[in-house]
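> what would the 3D arrangement of this be:
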Amino acid sequence: RGDPTAADRMAAIAHRSNSAEAMDAAAMLYRQRGDGANRWQWAARAGALWDERLRILPEAALRHALEHQLAFGTAERALDLARKNVVQRPYGEARLLLASALIMNNRPRDALVEIELAEASGWRSAPLYAVKAEAAALAGQAQAARAARESAEAINPRIFDPRTSLIWFSHG
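Numbers count the residues shown, from 1 in each chain. I've put the predicted structure just below:
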């Protein structure tokens, strides 16, 4: 479970800095620790800041607010932000985030279409293949899921380690 004080340390940083990024990190660490109350407290505070940033500077905040929604928000809001993000940034990274939002909305076949578009553009990453493996498995495509999982692990052998979910600042 990692350092039992890491979440508390990050929460102190978030409190001092009033940083949505630090709040999301604290929420993620509390999630990993199994502390639901602190997880939701920090996620809610971060969500309010992301909403404010979206109001003031939507282009600058969009991707980060989307990632917050994927981690702590609603499926509908994540999909809305993901679609807007792809319009602004029609690249592999944005398509990967859209694929994740589509999975969150129980649309794995649509997620696979976005992943195919990302791959066609030349995008390759362990997170891309991990999301592809999840989407293929949910779509009932066991062989494609195995192949995608192998591709993900060839790039990052620890991609499916639960601790890897704590490293969510890499953007695809």
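
> tell me the secondary structure for Leu112?
Secondary structure of Leu112, reduced to three states by DSSP: H, G, I helix; E, B strand; the rest coil: helix.

> contact partners for it?
With contacts defined as CB atoms under 8 Å, 6 or more residues apart in numbering, the neighbours of Leu112 are 99, 132, 135-136, 139, 141. C-beta: built from backbone N, CA, C; applies to glycine.

> so which of those is the closest to Met10?
Nearest to Met10, judged by CB to CB, of those is Ala99 at 28.1 Å.

> I figured the closest one hits Glu116, correct?
No - in this structure, Ala99 is not within contact of Glu116 by CB atoms under 8 Å, at 9.6 Å.

> which one of the two has more residues nearby?
Ala99 (28 against 13; other CB atoms under 10 Å).

> packing partners for the helix or strand that one falls within?
Assigned by DSSP states H and E, Ala99 belongs to helix 92-104. On a contact count with 3 or more CB pairs under 8 Å, 6 or more residues apart in numbering; DSSP states H and E, helix 92-104 meets helix 58-72, helix 75-88, helix 108-120, helix 126-138.
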